[in-house]
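Colleague: model this:
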Amino acid sequence: MIKVSATSLKEVLIIEPRLFRDNRGVFLETYHREKYAEAGIDRSFVQDNLSYSVKGTLRGMHYQLKQPQAKLVQVIEGSIFDVVVDIRHGSPTFAQWVGVELTDENYRQLYVPEGFAHGFCVMSDTAYVAYKCTDFYFPGDEGGILFSDPGIGIEWPVADPLLSNKDSRYPCLADVPEDRLPK
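Modeller: Residues are numbered from 1 along each chain as shown. As a prediction, this is how the structure comes out:
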């Protein structure tokens, strides 16, 4: 079985797969549809992504509006600080965030439901991050919020992150029109 733990955002889940260790190393199932469904993650994933980044890289905070994606995130190599923000207009936890360390040693996964912005920063020299998505990437549907939004107050473990031009120009959540936020 897998161990599933709730976070302060009840829909965002930490998954700890069962590990089989012996003198050869470690084996684990990174996804098993029936087991994840039993644990409350009854989703169809349609796209797998792999990200390689260097230390200090910050990717986020991203979402898709009309074709939202739930994600199942895990680190293949390295260490990241993974962050999820509730951006659902009208939600009782609107603008609240949770951060979880995912590493190649703790084997944790993070389930990010639709309606939440997602991002991470790399804490190791490099990191490979794999994630499954419940919908395809649609460039015209993407949105984002500024990683350093003072109204949210994410406590990133990196002072001067490496950012894409797009990620550095996203607005603060308070400046995003309601019709550009999930309900």
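
Colleague: Tell me where the protein is predicted with low confidence.
Modeller: Within the chain, not a single segment meets pLDDT under 70.

Colleague: can you map out the strands along the chain?
Modeller: For the chain, the strands defined by DSSP state E occupy 3-6, 13-16, 20-22, 25-27, 47-54, 58-64, 71-77, 79-86, 97-103, 109-112, 116-122, 126-133, 142-144.

Colleague: I41: which of these is closest?
Modeller: strand 109-112 (5.6 Å; C-beta to C-beta). Every C-beta, even on glycine, is put in place using the N, C-alpha and C of the backbone.

Colleague: Would you agree E114 is in contact with I87?
Modeller: No - using C-beta atoms under 8 Å as the test, E114 is too far from I87 to be in contact (10.6 Å).

Colleague: Looking at the two, which is more packed in?
Modeller: The neighbour comparison of E114 against I87 (other C-beta atoms under 10 Å) goes to I87, with 26 against 18.

Colleague: show me what contacts that one?
Modeller: By C-beta atoms under 8 Å, 6 or more residues apart in numbering, the residues touching I87 are Y63, F94, A95, G115, F116, A117, I145, L173, V176, L181, P182.

Colleague: want to throw the strands of the chain into JSON lines with mean neighbour count?
Modeller: Output for those, formatted as JSON lines (neighbours: other C-beta atoms under 10 Å):
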{"stretch": "strand 3-6", "mean neighbour count": "12"}
{"stretch": "strand 13-16", "mean neighbour count": "19"}
{"stretch": "strand 20-22", "mean neighbour count": "9"}
{"stretch": "strand 25-27", "mean neighbour count": "9"}
{"stretch": "strand 47-54", "mean neighbour count": "13"}
{"stretch": "strand 58-64", "mean neighbour count": "23"}
{"stretch": "strand 71-77", "mean neighbour count": "21"}
{"stretch": "strand 79-86", "mean neighbour count": "25"}
{"stretch": "strand 97-103", "mean neighbour count": "20"}
{"stretch": "strand 109-112", "mean neighbour count": "26"}
{"stretch": "strand 116-122", "mean neighbour count": "26"}
{"stretch": "strand 126-133", "mean neighbour count": "19"}
{"stretch": "strand 142-144", "mean neighbour count": "17"}
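
Colleague: which residue sits closest to the residue most central in space within the chain, ignoring its sequence neighbours?
Modeller: For the chain, the residue nearest the mean C-alpha position is H118 (4.5 Å; C-alpha atoms, centre = their mean). Once flanking residues are discounted, H118 sits nearest to V112: 4.9 Å by C-beta to C-beta, 6 or more residues apart in numbering.
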